[in-house]
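[1] my questions concern the predicted model and sequence given below.
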Amino acid sequence: MAAPLSELTRMPKPQLVYAADGIRLATYTWGDLDAPVVVIAHGFASNVRDNWVLTGWVRDLTRAGYRVLALDQRGHGLSEKPHDPTVYAMRTLASDVETVMDTYLVEDAFYLGYSLGARVGWEVVRDLPQRINRAVLGGVPDGIPLERLDIEQVRAFVDDGVPVTDQTTQNYIALTQRVPGNDLRSLLALAEGMRATRTIDPDPTNAPTRPILFATGSKDAVIEGSRELSRSAPNGRFFEIPDRHHFNAPGSRAFKDAALDFFAEE
């Protein structure tokens, strides 16, 4: 008999981990403590429940024999949501993952990230090759993070309710408002912090060397950039998620199967 939906989507009580700068991060774990670990990181304006639990990833990973370790990235979910852009540098987001692994005494793991979580994963895999065996980076865009977001229009909308006219920015705001508990000011600060250096990230000239599966929807506007990133990685390969765009790709059965097959390789 199939488990009821409420059982499949129930969240454990979050365990708080303190980042190096004191920001509180909500973390979650499922599965056998002795099983191989998969660290998972969600996308922009999402959270662990929205990106990984409701889409069935946690269920499928634990059924496949993995222990899942997840975090609500700073500014998201039940983690702290500061409004200071300086606390959202890409290096800081990547160091949060390392802090969570250290706190849970996880010496080595697989990594699974989507969108923002995939950008962060590029940094994590590059900087911790001795601890990340292989990674799946889904829907990872190239270029400067959130470059197409009109920061000034978002700020005017947040501060004074001025209507947003830029279509891409409207889409980002709709994405933010879709998930209960999101704080638009903190996500605005995150966008400002990630863009502050004006550097390309992920940087294809400094690619991770560990095996990476890049997976992006066939209808996703970032697909060609993702494909180019896969070519830049010495041990990268690309999987095109059929008939999916950026926002519904995490629910794809084909995406899950490709990731599980990739993690199972020797």
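    Perfect, I can see it now.

[2] can you tell me how far N235 is from A64?
    The gap separating N235 from A64 is 22 Å, by CB to CB, to the nearest Å. Glycine gets a C-beta too; all of them are placed from N, C-alpha and C.

[3] comparing these two, which residue is more hemmed in?
    When neighbours are counted by other CB atoms under 10 Å, A64 comes out ahead of the other of N235 and A64, with 16 against 13.

[4] give the contact list for that one.
    A64 sits next to 260, 263-264 when contact means CB atoms under 8 Å, 6 or more residues apart in numbering.

[5] if we go to 7 Å?
    L260 (CB atoms under 7 Å, 6 or more residues apart in numbering).

[6] from R237, how far out is it?
    To R237, A64 is 20 Å away according to CB to CB.

[7] lowest-pLDDT helix or strand in the protein?
    Least confident helix or strand, the chain: helix 5-8 with a mean of 60, by mean pLDDT, DSSP states H and E.

[8] now do the buried residues in the longest helix seen in the chain.
    When the chain is parsed with DSSP state H, its longest helix is helix 90-103. By 16 or more other CB atoms under 10 Å, the buried positions in helix 90-103 come out as 90, 92-101, 103.

[9] over to stretch 107-120?
    109-120.

[10] and for stretch 130-137?
    In stretch 130-137, counting by 16+ other CB under 10 Å, buried: 131-137.

[11] which one of those residues is nearest R253?
    Relative to R253, the closest of the buried residues of stretch 130-137 is V136; by CB to CB it sits at 14.8 Å.

[12] quick revisit: tabulate the buried residues of stretch 130-137 (CSV), appending pLDDT.
    Listed next are the buried residues of stretch 130-137 as CSV, based on pLDDT from 0 to 100:
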residue, pLDDT
R131, 98
I132, 98
N133, 97
R134, 97
A135, 98
V136, 98
L137, 98
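
[13] which of the residues you listed fall in helices?
    In helices, judged by DSSP H, none of these are found.

[14] dump the residue contacts of R227.
    R227 makes contact with F238, according to CB under 7 Å, 6+ apart.

[15] find the centremost residue of the chain, please.
    Centroid-nearest residue in the chain: G117, 1.9 Å away (criterion: CA atoms, centre = their mean).

[16] which neighbouring elements make contact with the helix or strand encompassing that one?
    In this assignment (DSSP states H and E), G117 forms part of helix 116-127. In terms of contacts (3 or more CB pairs under 7 Å, 6 or more residues apart in numbering; DSSP states H and E), helix 116-127 is packed against strand 37-41, helix 90-103, strand 109-114, strand 132-138.

[17] redo the ones you listed as JSON lines? Include distance to Q153.
    As requested, these are arranged in JSON lines below (distance: least, CB to CB, whole Å):
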{"stretch": "strand 37-41", "distance to Q153": "28"}
{"stretch": "helix 90-103", "distance to Q153": "23"}
{"stretch": "strand 109-114", "distance to Q153": "26"}
{"stretch": "strand 132-138", "distance to Q153": "28"}
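
[18] quick one on the thing from earlier: and the angle for the helix holding G117 with helix 90-103?
    Counting by axes from the mean of the first three to the mean of the last three CA atoms, to 10 degrees, helix 116-127 lies at 70 degrees to helix 90-103.
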